[in-house]
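Asker: need a 3D model of the sequence below.
(chains A and B)
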Amino acid sequence: MKKVLSYSFLALALAFVYAPIILLVIYSFTPSVIIGKWDGFSLALYREIFVNERVRTMIINTVTLAVVVAVLSTLVGTLGAIGLFYSRGRLGKVVKGASSINIINAEIVIGVSLALVFSLVAFNKTYYSLVLGQMALCTPFVILSINPKLKQLDGNMYEAALDLGATPAQALFKVLVPEILPGILSGFMVAITLSLDDYIITAFTKPATFDTISTYAYNAVKNQAKSDLPALRAVSAIIFLIILIGVIVVNIKNSKKGDNK
Amino acid sequence: MKKIPKLLAVVFALALFIFNLPVAQTYADDGVITLKVSNCEDYIDETVCADFEQYMLDEHGKTVKVEYSTYGINENLYNDLKIAKGYLYDVICTSDYMIEKMAMEGMLKKATFSQECKESISPYISEIFNEKIIWNDGADKLGDYAIPYMWGTLGLVYNPEVANEEDMSSWLSLWKDEYKNKSTIKDSVRDSYFIGIAKAYYEELMALDKTASDYNDNLSAIFGNVTDDAIAKVELALSSLKDNIFGFEVDSGKNDMVTGKISINFAWSGDAVYAIDEAESDGLYLRYSVPEEGSNVWFDGWCIPVHAKQTEVAKQFIEYMATAEVAIKNMEYTGYTSGIAGDEVLSWVKEYYELGYNYSEETPYLADLTYFFGNETKVYSSEVGRHFSTQYPTQDVINRCVIMRAFSNDRNEKINQMWENVKGQTFPTWAIALAIVSVVLTALVIIAFRNKDRIKDILAKLPSKPKKSKYKIVSIEEII
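Answerer: As a prediction, the model looks like this:
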């Protein structure tokens, strides 16, 4: 009885989370404009991803932006985290506190303030404002995911490396960075995810002619008749599939590791 | 401390690098004029931009590159322009009240459009632009700033199997018990204010003499009433409506009509056409009606922001958009109705909707479009309340459609507050009860979880049936 209850609760919770995604995947196999109206099975929407230039550009834009932003914020975030870890004194504390403001701040506030600042210095709505804006969002999360790794680290490692004759650069790249690499990688992944699904900051800072999947989807709902929104269902289905495979592969690997031990 | 100057130098170098590049980009134009255009998403046949580039090269010998971009809603565009305080676009397309608001706030440039362009505009729309929407005691008018693009009415899309035609000729039907939970209205105060007024001032509206020459002006006065008293009455009306409708929607209404989730939807004519078209392939024949009490006529227009760099080319672009050929192309693509009239458009409309010049069995209904096309235009159509009459309402519908002006800032605040009040109470009692129950349950579960051990102890002490345990049974058998 207890088992039945707990399983049914689990099933309910999972259904609640996954039903919209599954609905999207199912309706990616019909060319209908509206979800809820079945126009017969077809792979037309998947074809659209490759044929429709606007959809293709949108996907390329989104992915390129995510990679660029993630690489840059990982760089800045890693150096920042190390710097903050070794900084002392009142200033150090203030900077540490300030670095996490964007994590708790509402995104709309960040978006509006960034737009205001960028328009003051005359490059609002360019690629620079877009990349910098998204970096402002992602970098604190990179710092956040590197911090625990730094705390686990033996604080004297860096000095030890220097004592053994390493230059500061060598000590940083050969000793420190390899130790915190898992943190850097997870920070990178977080940054990619944040950039991929960010709408608010992107909308405020992006160049007018540049559209990511999220900004396009938002604009297109108003005038659905001629939009490429249906094709985005196929895109979502593919993204979902990739992630699903990724998760399964990682899980299998992990369980094999466990078996070996 | 030595490091700080170095660091500063790097920061400055980086800053220079970042600031320089965009500036350099704008200078490197080598004779190409970049025209930045902003419009709603999917609200144009984008090939006309390329056509315009070709036209400018052929007719004016200028190399123009149209940089076409889109925005979400009018307010997004307004915010972008406000934040930028400088050059962002050369041409924008936005709605009636937003053009008026922007023009009043000095965000738009006045422009003198060519006579030819002005003449291509429908006399009906032209009257609105040049005689109806005027401010500063007539010194300023909308026509000085904008050229119309698409236009339409506000009404009810309905499923004739559920709602009958007679009921749908009145906004009051939305309050009827028989349509409970069958309709949605717009989550937009500008649009919903209309039905609020229709309910609150029903008697006054119906008492107006429909044949009087100033009928439309009187109607405007009632629908445009934004005094404190009127706002309070509208709040009452809309609050009582809220319990009878399925819900508020922003853009899901048209889809819900097609899938059959709802049967009545408060909609713009353009969305209505979309819903009618989409539902038809499923064998569902939706209809559109503009209720008798009166309704709203809306339009979008092209205008030039005050910080535009290419004013001259922007003007040429707008005039190009107003040519019959381009207007038809855009109508075919978007499904909306262009504000451009003229013989070419009329013959396209006749062909597209298979209209007749004379009465016949296929085309039994008379539609008087004189108001729109000028010089006595009477056509015969095969339908009433579907595509054609949604896109080109007849004279009597137009008589009862009024423009809704931009609210002044202080009125806007009042009305928004009213709307918040109306929507604020949307939680039905059962939802509140459910929320409380789930909070209590969660709390109980957490408490139980925290005191797991103690609860186990208590349960263990309780007299209970001996548990069936495999291990024990096996062991007993073994003993025997």
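Asker: so what's the backbone phi/psi at the residue nearest to the spatial centre of chain B?
Answerer: Nearest residue to the geometric centre of chain B (C-alpha atoms, centre = their mean): B:Trp268, 7.1 Å. Dihedral angles of B:Trp268 (phi, psi; degrees, to the nearest 10) stand at phi -80, psi 150.
Asker: can you tell me the element B:Arg454 falls in?
Answerer: B:Arg454 belongs to helix B:452-461 when assigned by DSSP states H and E.
Asker: I'd assumed B:Val297 was in contact with the residue nearest to the centre of chain B.
Answerer: No - with contact defined as C-beta atoms under 8 Å, B:Trp268 does not reach B:Val297; the gap is 10.5 Å. The C-beta positions use only the backbone N, C-alpha and C, and glycine is treated the same way.
Asker: what residues do those two have in common as contacts?
Answerer: Residues touching both B:Trp268 and B:Val297 comprise B:152-154, with contact defined as C-beta atoms under 8 Å, 6 or more residues apart in numbering or on different chains.
Asker: what about the helix or strand harbouring A:Val71, distance to the chain center?
Answerer: Secondary structure from DSSP H and E places A:Val71 in helix A:53-86. Distance of helix A:53-86 from its chain centroid, counting by C-alpha atoms, centre = their mean, to the nearest Å, is 8 Å.
Asker: right, is that helix up against chain B?
Answerer: No - using C-beta under 8 Å from any C-beta of the partner chain, helix A:53-86 stays clear of chain B, coming no nearer than 9.0 Å.
Asker: show me what that helix is packed up against.
Answerer: Packing partners of helix A:53-86 (3 or more C-beta pairs under 8 Å, 6 or more residues apart in numbering or on different chains; DSSP states H and E): helix A:44-51, helix A:89-99, helix A:127-152, helix A:177-197, helix A:213-220, helix A:229-260.
Asker: ok, A:Arg88 - how many residues close by?
Answerer: 7 (other C-beta atoms under 10 Å in any protein chain shown).
Asker: can I get the helices and strands packed on helix A:53-86 in JSON lines with distance to B:Gln316, mean pLDDT and mean neighbour count?
Answerer: Shown next, in JSON lines, are the helices and strands packed on helix A:53-86 (distance: least, C-beta to C-beta, whole Å; pLDDT from 0 to 100; neighbours: other C-beta atoms under 10 Å in any protein chain shown):
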{"stretch": "helix A:44-51", "distance to B:Gln316": "34", "mean pLDDT": "89", "mean neighbour count": "16"}
{"stretch": "helix A:89-99", "distance to B:Gln316": "50", "mean pLDDT": "86", "mean neighbour count": "12"}
{"stretch": "helix A:127-152", "distance to B:Gln316": "29", "mean pLDDT": "93", "mean neighbour count": "21"}
{"stretch": "helix A:177-197", "distance to B:Gln316": "39", "mean pLDDT": "92", "mean neighbour count": "18"}
{"stretch": "helix A:213-220", "distance to B:Gln316": "26", "mean pLDDT": "87", "mean neighbour count": "21"}
{"stretch": "helix A:229-260", "distance to B:Gln316": "33", "mean pLDDT": "87", "mean neighbour count": "13"}
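Asker: quick one: the ones you listed as a markdown table, columns for distance to chain B too.
Answerer: As requested, these are exported to a markdown table (distance: least, C-beta to the nearest C-beta, whole Å):
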| stretch | distance to chain B |
| --- | --- |
| helix A:44-51 | 15 |
| helix A:89-99 | 12 |
| helix A:127-152 | 6 |
| helix A:177-197 | 17 |
| helix A:213-220 | 4 |
| helix A:229-260 | 9 |
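Asker: can you list the residues that contact stretch B:267-277?
Answerer: The contact list for stretch B:267-277 (C-beta under 8 Å, 6+ apart) reads A:224-225, B:150, B:152-157, B:186, B:253-254, B:257-258, B:265, B:285-288, B:298, B:334-337, B:386-387, B:390-391, B:393.
Asker: give me the buried stretch members for stretch B:255-270, please.
Answerer: Judged by neighbour count (16 or more other C-beta atoms under 10 Å in any protein chain shown), stretch B:255-270 contains these buried residues: B:255-259, B:262-270.
Asker: show me where the stretch 251-400 of chain B has strands.
Answerer: With DSSP state E, counting those that start in this stretch as the criterion, the stretch 251-400 of chain B has strands at B:264-268, B:287-289, B:295-303, B:337-338, B:365-368, B:378-381.
Asker: can you put these in JSON lines and add mean pLDDT?
Answerer: Output for the strands of the stretch 251-400 of chain B, formatted as JSON lines (pLDDT from 0 to 100):
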{"stretch": "strand B:264-268", "mean pLDDT": "92"}
{"stretch": "strand B:287-289", "mean pLDDT": "94"}
{"stretch": "strand B:295-303", "mean pLDDT": "94"}
{"stretch": "strand B:337-338", "mean pLDDT": "94"}
{"stretch": "strand B:365-368", "mean pLDDT": "88"}
{"stretch": "strand B:378-381", "mean pLDDT": "88"}
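Asker: show me what counts as buried in stretch B:152-161.
Answerer: In stretch B:152-161, counting by 16+ other C-beta under 10 Å, buried: B:152-159.
Asker: for the residues you listed, which one is nearest chain A?
Answerer: The closest of these to chain A turns out to be B:Gly152 (C-beta to the nearest C-beta; 12.8 Å).
Asker: mind checking the SS state of that closest one?
Answerer: Following DSSP: H, G, I helix; E, B strand; the rest coil, B:Gly152 is assigned to strand.
Asker: for it, name its beta-bridge partners.
Answerer: Beta bridges link B:Gly152 to B:Trp298, judged by DSSP bridges.
Asker: so which of the strands of the stretch 251-400 of chain B gets nearest B:Glu41?
Answerer: With C-beta to C-beta as the criterion, B:Glu41 lies closest to strand B:295-303 of the strands of the stretch 251-400 of chain B, at 13.1 Å.
Asker: now do that closest one against strand B:264-268, angle only.
Answerer: 30 degrees (axes from the mean of the first three to the mean of the last three C-alpha atoms, to 10 degrees).
Asker: my read is B:Thr94 is in a strand, agree?
Answerer: Yes - per three-state DSSP, B:Thr94 lies within a strand segment.
Asker: could you count how many residues lie near it?
Answerer: Residues near B:Thr94, counting by other C-beta under 10 Å: 26.
Asker: also B:Tyr359?
Answerer: Neighbour tally, B:Tyr359, other C-beta under 10 Å: 11.
Asker: apart from its chain neighbours, what residue comes closest to it?
Answerer: Nearest non-adjacent residue to B:Tyr359, counting by C-beta to C-beta, 6 or more residues apart in numbering or on different chains: B:Tyr380, 5.5 Å away.
Asker: likewise B:Thr47?
Answerer: Closest to B:Thr47 by C-beta to C-beta, 6+ apart is B:Lys329, at 7.4 Å.
Asker: ok, the one you found touching B:Glu46?
Answerer: No - B:Lys329 is beyond contact range of B:Glu46, at 10.3 Å (criterion: C-beta under 8 Å).
Asker: show the average pLDDT along the helix holding B:Arg454.
Answerer: Averaged over helix B:452-461, pLDDT sits at 82.
Asker: which strands or helices does it pack on?
Answerer: The contact analysis (3+ C-beta pairs under 8 Å, 6+ apart) places helix B:452-461 against no helix or strand.
Asker: shared neighbours of B:Lys329 and B:Glu46, which are they?
Answerer: Counting by C-beta under 8 Å, 6+ apart, B:Lys329 and B:Glu46 have no common neighbour.
Asker: which parts of the stretch 101-250 of chain B are helices?
Answerer: B:115-120, B:123-127, B:189-200, B:202-207, B:215-223, B:228-242 (DSSP state H, counting those that start in this stretch).
Asker: so which of those is nearest B:Ile73?
Answerer: When the helices of the stretch 101-250 of chain B are compared (using C-beta to C-beta), the closest one is helix B:189-200, at 11.6 Å.
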